[in-house]
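**Student:** sequence? don't have it. structure:
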């Protein structure tokens, strides 16, 4: 069984994230969408809330499971018997960071491969940070995130309208 990990913070999940998750689910038998619990960040949504949001928007993908994790990604991948890590790339700046991380992971776990999937061009500008900023100031972010979670974001942020 080919098992892949799609790691990220997903705070909140965007249409770009969902595109990468869907495309990955078509390539692998099992996909874990894995949310890093990072104590150095101050996320908008808790890990549990992010799991719930992603489960809602991936409910139609039977081979996708959503979990939180702490520690090294390669240790989590080993625990899941995953041999693949899949990362979405928007721009050259993403590649530089992700390439460095993939080399580090390869050093730590030579048996695990990292695959890069370029984002759909219509999502190349998109990030969770942009969604939060637009929502905070009352802008229209409805094309940026799955429809199912728009109200969750509005409720969490409030925003200036």
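**Tutor:** That came in fine, so what should we check first? Because the structure is predicted, anything quoted here is derived from the model rather than measured.

**Student:** I'd like to know which helix or strand in the protein has the lowest mean pLDDT.
**Tutor:** helix 92-108 (a mean of 91; mean pLDDT, DSSP states H and E).

**Student:** Sort out which residues of that helix are buried, please.
**Tutor:** Residues 94, 98, 102, 105 are the ones in helix 92-108 that count as buried (16 or more other Cβ atoms under 10 Å). All C-beta atoms are positioned from the backbone trio N, CA, C, and that covers glycine.

**Student:** Just give the closest residue to the second one, not the sequence neighbours.
**Tutor:** With sequence-adjacent residues excluded and distances taken as Cβ to Cβ, 6 or more residues apart in numbering, residue 98 is closest to residue 87, at 5.0 Å.

**Student:** circling back to that earlier point, mind listing the strands the helix or strand following the least confident helix or strand of the chain pairs with, and their directions?
**Tutor:** Scanning forward in sequence from helix 92-108 by DSSP states H and E, the next helix or strand is strand 113-118. Here strand 113-118 has these sheet partners by DSSP bridges: strand 84-89 (parallel).

**Student:** From the chain's centroid, how far away is the partner strand?
**Tutor:** Strand 84-89 sits 9 Å away from the centroid of its parent chain (Cα atoms, centre = their mean, to the nearest Å).

**Student:** report the angle between the axes of it and helix 92-108?
**Tutor:** 160 degrees (axes from the mean of the first three to the mean of the last three Cα atoms, to 10 degrees).

**Student:** Residues touching strand 84-89, excluding its own?
**Tutor:** Contact with strand 84-89 is made by 2-7, 16-17, 19-20, 24, 28, 31, 73, 77, 94-95, 98, 101-102, 105, 112-119, as judged by Cβ atoms under 8 Å, 6 or more residues apart in numbering.

**Student:** Whichever of those end up buried, select them in PyMOL.
**Tutor:** To isolate the buried members of the contacts of strand 84-89 in PyMOL, using 16+ other Cβ under 10 Å:
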select buried, resi 3+4+5+6+7+16+17+19+20+24+28+31+73+77+94+98+102+105+112+114+119
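
**Student:** hmm, back to that, so which elements touch the least confident helix or strand of the chain?
**Tutor:** The helices and strands touching helix 92-108, judged by 3 or more Cβ pairs under 8 Å, 6 or more residues apart in numbering; DSSP states H and E, are helix 73-79, strand 84-89, strand 113-118.

**Student:** try it again with 6 Å
**Tutor:** If contacts are counted by 3 or more Cβ pairs under 6 Å, 6 or more residues apart in numbering; DSSP states H and E, helix 92-108 sits against no helix or strand.
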